[in-house]
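Visitor: Fold the following and give me the result.
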Amino acid sequence: MPPPHTSLPKPYTQAARYTIAHAGAISDSIGNQQAASGDWLDLGVFYFEGNGAEYIELVDHTGETSGSTLVMFDAVRWIASETPAEVWNAAPPATTVYDVVMAGEMADLDMALQNTGQAPWAPADVELHAIGKAPDGAPASLSIDDVILPGATAHWRLSFPVSGAPGVRRLSYQVHHNGQPFGEVITAYVIVLPEQLQDAEQRIRDQIDEWQRQGEQKAEEFMQRLWDEIQKEIERQATSFIEGLFAECFGSTALLGLALVFVYQRSRRG
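Guide: Model (predicted):
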């Protein structure tokens with residue numbers, strides 16, 4: 001910014017609105033030209049591809065009282081960033097993504113990744129891809145609808161039918177830029193319950209939420225622990241069912257008679 005001249009009738013604006021077109025994205029930056037008088041005004045850190053369609057624009061819509069300030073545009077300087085942040089990077093949320101369903105139902109998963117790099121994610125260049133073979137019905141790739149600027153979060157909703165035996169399905173995805181993977185992997189889980197536990201869905205969700213609040217276990221660990229608990233519950237119900245069936249069909253007297261007959265028959269054979 002040039003220093004203000006004494007002949008200028010008004011001060012520089014405190015709300016200069018700059019538009020930066022970079023790497024397929026459009027970003028706004030508000031700068032105080034009064035504070036930068038005689039020095040450079042820092043507009044921020046942006047990733048440029050040098051594709052010929054990138055530019056910086058300044059308009060005179062400041063929101064200040066009309067005619068009260070001056071908007072000045074003298075020169076632009078680019079400086080290579082020395083920040084350690086990666087150009088392409090992504091990080092998942094801290095919470096575990098999961099759904100609890102019965103076989104034949106639809107699984108619904110809300111997956112999210114934050115753009116923690118320097119470059120914006122353009123829909124034409126960035127997709128979410130499954131790592132390995134996705135479970136039957138789950139999408140192998142998902143696109144984004146809008147540009148995801150650095151610091152913003154992309155969201156995908158996966159909805160697919162679940163089939164097969166009860167168990168825990170594991171889905172892992174990673175963001176790709178022009179076919180190249182980058183950033184952290186996001187993993188989701190689909191817990192497929194057996195018919196015996198069709199009424200236990202909310203209880204299982206509450207248990208998962210409680211483990212997440214405690215933060216003592218990694219997702220893989222408490223999913224394994226959860227499935228172990230489900231197996232124990234199935235065994236407990238099966239035992240109760242068999243005991244109830246014997247009690248209903250035979251009763252304690254009948255069971256005693258059955259035991260006596262068994263012993264008598266073995267004695268005769270002896």
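
Visitor: can you give me the strands in this protein?
Guide: Listed in chain order, the strands of the chain (DSSP state E) span 16-22, 25-31, 55-59, 90-91, 97-102, 106-115, 126-130, 141-143, 153-161, 167-177, 180-193.

Visitor: Those: which one's closest to I208?
Guide: strand 97-102 (6.4 Å; CB to CB). The way it works is simple: take the backbone N, C-alpha and C, and place the C-beta from them, glycine included.

Visitor: Please save the CA atoms from the closest one in PDB.
Guide: Extracted in PDB, the C-alpha atoms of strand 97-102 (Å, rounded to 0.1, in the frame of the first residue of the first chain):
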ATOM      1  CA  VAL A  97     -18.800 -43.700  12.100                       C
ATOM      2  CA  TYR A  98     -21.100 -46.600  12.500                       C
ATOM      3  CA  ASP A  99     -24.600 -48.000  12.000                       C
ATOM      4  CA  VAL A 100     -26.500 -50.900  13.600                       C
ATOM      5  CA  VAL A 101     -28.800 -52.900  11.300                       C
ATOM      6  CA  MET A 102     -30.400 -56.300  10.700                       C
END
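
Visitor: and V190, what is it in contact with?
Guide: By CB atoms under 8 Å, 6 or more residues apart in numbering, the residues touching V190 are 98-101, 107, 109, 135, 162, 168-169, 171.

Visitor: cool, and N115?
Guide: Contact analysis of N115 by CB under 8 Å, 6+ apart lists 89-90, 121, 148-154.

Visitor: in stretch 160-172, what counts as buried?
Guide: Judged by neighbour count (16 or more other CB atoms under 10 Å), stretch 160-172 contains these buried residues: 160, 162, 166, 169, 171.

Visitor: quick check, nearest of the residues you listed to L43?
Guide: Nearest to L43 among the buried residues of stretch 160-172, counting by CB to CB, is L171 at 40.2 Å.

Visitor: how close does the closest residue to that closest one other than its chain neighbours sit to A15?
Guide: Spatially, and ignoring its direct neighbours in sequence, L171 is nearest to A188 (4.7 Å; CB to CB, 6 or more residues apart in numbering). Going from A188 to A15 by CB to CB, to the nearest Å gives 43 Å.

Visitor: Who has more neighbours out of the two?
Guide: A side-by-side neighbour count of A188 and A15, using other CB atoms under 10 Å, places A188 first with 21 against 15.
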